[in-house]
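# Predicted structure and sequence below. I'll ask about it afterward.
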Amino acid sequence: MTPTPLLSLRNLSRRYQPGGPAAVQDLSFDLAPAEILALIGPSGCGKTTTLRMIAGFEEPDSGRVLVEGADATRIPAEKRGIGMVFQDYALFPHMTVAQNVLFGARQKDAASLSRHLSLVDLQGFGDRYPDHLSGGQQQRVALARSFAAQPRLILLDEPFSNLDAALRSAARREIRRLLKATGIGVVFVTHDQEEALSFADRVAVMRDGRLLQIGPAAEVYDRPADAFVAGFLGRTNLLEGVADGAECATPLGRVPLAQRASGPVRISLRPESLTISLAARDADAVGRITGVEFKGHDMTYWVDCGGTDIQVDAMHGPRLPEGASVMLHVTGSGMPLAPQD
């Protein structure tokens with residue numbers, strides 16, 4: 001028997017002005033217990049509106065919000081059993097860490113406080129005030145406060161945007177560990193592709209209020225539904241070609257396909273799915289390097305292949321000069337893309 005989803009959205013729609021564009025349109029998905037789902041998309045795509053409707057801060061024009069199978073669409077936010085960690089953490093500046101954590105907690109005793117401070121590795125910080133904490137520490141206080149309320153679900157709004165770039169990776173790992181340890185389901189909003197892919201179990205890509213694709217993070221990255229999803233989740237090469245089943249004839253030669261296709265097709269081929277080497281003879285070359293970007297851990301080459309610009313990520317080997325004639329070798333597979341409206 002399939003377990004009841006922790007959260008279900010059913011045909012959720014929201015317009016801010018009658019006759020105006022839909023902020024969210026006919027949105028449906030399920031969230032499993034203890035699952036982490038990322039809502040990702042460009043500004044104005046509807047992800048924050050979706051989060052606010054789940055939380056109960058806004059009501060949909062149509063559709064339903066179900067929490068553990070029960071209709072919560074018209075239930076006030078404070079009665080939904082849903083925690084929210086805001087982008088700015090929303091800590092009370094006049095309260096200590098301890099007072100912030102216990103605000104709204106079901107159990108307000110010293111043992112509960114100690115347990116939740118230990119969970120976020122802030123033992124001994126109870127008497128401090130928020131302005132004496134780093135951004136990462138404030139974030140953990142906000143999480144501890146949310147955990148203390150014993151919610152069934154936590155919503156995170158751009159949870160890492162206020163952290164320095166150097167802290168984000170470590171914070172993602174630590175917060176993911178904490179969330180998995182508690183077994184609480186999570187929906188979080190981000191515009192950062194790397195953040196979504198590394199933090200979430202599944203990724204939902206939105207555009208213009210609609211859900212374009214949802215699935216495991218690696219699957220959505222490797223098998224994007226269309227050119228927008230492919231480009232939004234990371235750099236890619238969009239190649240026109242003719243498919244004949246398991247392969248596609250392209251300007252780079254024959255490319256294996258991750259999904260069978262036939263006839264004229266556009267495919268997504270990630271830069272890491274190619275290798276580059278100097279051509280022994282000009283006759284062997286498929287292109288010429290027009291740009292090189294050194295990024296420390298790897299390099300990106302831009303290669304002109306008969307008028308088609310190709311990006312290639314190279315992890316090792318000597319740096320190849322601009323203007324060099326090169327050969328490209330396909331080591332991964334391309335994904336046929338659905339036509340876009």
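Nice, thanks for sending it over.
# ok, the closest residue to Pro321 other than its chain neighbours to Val255 distance?
Leaving aside its sequence neighbours, Pro321 sits nearest to Ile289 (CB to CB, 6 or more residues apart in numbering; 7.0 Å). Heads up, the C-betas are built off the backbone N, CA and C, glycines and all. Per CB to CB, to the nearest Å, Ile289 is found 20 Å from Val255.
# Could you check which of the two is surrounded by more residues?
When Ile289 and Val255 are compared for neighbours, Val255 comes out ahead with 23 against 19, by other CB atoms under 10 Å.
# in which helix or strand would I find that one?
Using DSSP states H and E, Val255 falls within strand 253-269.
# Following element in sequence after that strand, please.
For strand 253-269, the following helix or strand on the C-terminal side (DSSP H and E) is strand 274-278.
# now that next one against strand 253-269, angle please.
For strand 274-278 against strand 253-269, the angle by axes from the mean of the first three to the mean of the last three CA atoms, to 10 degrees is 130 degrees.
# as a whole number, average confidence for strand 274-278?
Mean pLDDT, strand 274-278: 93.
# show me where the stretch 51-200 of the chain has helices.
97-102, 110-119, 135-148, 165-182, 193-199 (DSSP state H, counting those that start in this stretch).
# Just name whatever secondary elements the third one is in contact with.
To tie it back to what came earlier, the one meant is helix 135-148. The contact analysis (3 or more CB pairs under 8 Å, 6 or more residues apart in numbering; DSSP states H and E) places helix 135-148 against strand 82-85, helix 97-102, helix 110-119, helix 165-182.
# Report the contact partners of Asp222.
Residues in contact with Asp222, defined by CB atoms under 8 Å, 6 or more residues apart in numbering, are Ala258, Arg270, Met335.
# Tell me what the last one is bridged to.
Meaning Met335. Here Met335 sits in beta bridges with Ser268, going by DSSP bridges.
# what separates it from Arg223, distance-wise?
5 Å.
# just to revisit the earlier point, go through the strand holding Val255 and flag the buried ones.
Neighbour counts using 16 or more other CB atoms under 10 Å place Val255, Leu257, Ala258, Ala261, Val265, Arg266, Ile267, Ser268, Leu269 of strand 253-269 among the buried residues.
# The nearest residue to the third one once chain neighbours are set aside: what's it in contact with?
Computed as CB to CB, 6+ apart, the closest residue to Ala258 that is not its neighbour in sequence is Ser333, at 4.4 Å. By CB under 8 Å, 6+ apart, the residues touching Ser333 are Val255, Pro256, Leu257, Ala258, Leu269, Ser273.
# What does Ser333 show for phi and psi?
Backbone torsions of Ser333, given as degrees, to the nearest 10, read phi -130, psi 150.
# same deal with Glu158?
Main-chain torsions, Glu158, degrees, to the nearest 10: phi 50, psi 60.
# Check what pLDDT Pro339 gets.
At Pro339, pLDDT is 79.
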